[in-house]
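S.K.: Model the structure of this input:
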Amino acid sequence: DEKLMYSIDMGAIYSRLIQILCIPHFVIVSLIIIFASPLSRITDLILLHILPPTVLVIAIITSQIGLTLLLSLSTNIEKVPVLNDKGDVVDKKFSFETFYYKNQYINPVIRIAIISKGMLFLSRRSEKVCFDPYKIDLPMESYLRYDESLENGVTRIIKKIFPQELELEPRFCIKYRFKNKETNRLIYLYILHIEDDNLLCSPRFLDGKLWGFQQIETNLGKNFFGECFENEYEQLKDTVLIN
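M.R.: Below you'll find the predicted structure:
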């Protein structure tokens, strides 16, 4: 499939470059033939025998350079898996594409809830997320990367937020499907218990603070929290009360 897509992309780029280079050449040659006939032998040789293959060679070389640069850049761009309805990986996409294809494909997402002193730690979502920007939600969320295990994905997220803490071990809670107009996800929800709430004083958490259940329930259903969090709340509440 990748080879096929590569061939299609390469053919499209070749065609576009040849159009860009050949159309002006065709127009100029036509005008010269119409208004400057008869052509001298040297002009005829240059316009009709030398320039056409030269234009073609330039188009091929230029497109090949562009494709080489594009492929070298693409190897460093994060990719996310595409799942079928059973949760099996069937394809992969560049992570930035999720913003454009919205809910057309299912992508796996890891979310980590932080519990400390019997309360949930919540923070404000970034304005750059594909849905629910600025809403209050769980502080840690990331797409699972292509060819990355769930365990490695969770470890990556924890190390990004708490690089110095080696003993933090989130526990798996639930897996569920979430779909709206902006996204289509298979969400893996984890719970992280933190005893030292000083760890939560991080600039990575926008407006982050600990929330009690009564305070949360006062604001449920008022377009204040993220949609995923509202779906997860009862499960999270039960988990905190049980523990």
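S.K.: Excluding residues flanking it in the chain, which one is nearest the residue most central in space within the chain?
M.R.: Ranked by distance to the mean C-alpha position of the chain (Cα atoms, centre = their mean), the top residue is Ser95 at 2.0 Å. In space, and not counting its chain neighbours, Ser95 is closest to Glu78: 4.3 Å by Cβ to Cβ, 6 or more residues apart in numbering. Heads up, the C-betas are built off the backbone N, CA and C, glycines and all.
S.K.: what residues are up against that neighbour?
M.R.: By Cβ atoms under 8 Å, 6 or more residues apart in numbering, the contact set of Glu78 is Phe94, Ser95, Tyr143, Arg145.
S.K.: you'd agree the residue nearest to the centre of the chain is up against Lys79?
M.R.: Yes: contact criterion Cβ atoms under 8 Å: Ser95 and Lys79 qualify, at 6.6 Å.
S.K.: Report the next helix or strand after the helix or strand hosting Leu56 in sequence order.
M.R.: Here Leu56 sits within helix 51-74, counting by DSSP states H and E. Under the assignment DSSP H and E, the closest C-terminal helix or strand after helix 51-74 is strand 79-83.
S.K.: Any idea how far that following strand is from the middle of the chain?
M.R.: 9 Å (Cα atoms, centre = their mean, to the nearest Å).
S.K.: Contacts for that strand, please.
M.R.: Applying Cβ under 8 Å, 6+ apart, the set of residues contacting strand 79-83 is 89-95, 98, 105-108, 143-147, 186.
S.K.: Out of these, list just those in strands.
M.R.: Of the contacts of strand 79-83, the ones assigned to strands by DSSP state E are Val89, Val90, Asp91, Lys92, Lys93, Phe94, Asn107, Pro108, Tyr143, Leu186.
S.K.: Grab the CA positions of stretch 143-158 and hand them over as PDB.
M.R.: Only the C-alpha atoms of stretch 143-158 are listed here, as PDB (Å, rounded to 0.1, in the frame of the first residue of the first chain):
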ATOM      1  CA  TYR A 143      -2.600   9.500  20.800                       C
ATOM      2  CA  LEU A 144      -0.900   6.100  20.900                       C
ATOM      3  CA  ARG A 145       1.800   6.100  18.400                       C
ATOM      4  CA  TYR A 146       2.100   3.600  15.500                       C
ATOM      5  CA  ASP A 147       4.000   0.500  16.600                       C
ATOM      6  CA  GLU A 148       3.900   1.600  20.200                       C
ATOM      7  CA  SER A 149       2.600  -0.600  22.900                       C
ATOM      8  CA  LEU A 150       0.100   0.700  25.500                       C
ATOM      9  CA  GLU A 151       2.700   0.300  28.200                       C
ATOM     10  CA  ASN A 152       5.300   2.300  26.300                       C
ATOM     11  CA  GLY A 153       2.700   4.900  25.500                       C
ATOM     12  CA  VAL A 154       1.800   5.400  29.100                       C
ATOM     13  CA  THR A 155       5.400   5.500  30.100                       C
ATOM     14  CA  ARG A 156       6.100   8.200  27.400                       C
ATOM     15  CA  ILE A 157       3.300  10.400  28.700                       C
ATOM     16  CA  ILE A 158       4.400  10.100  32.300                       C
END
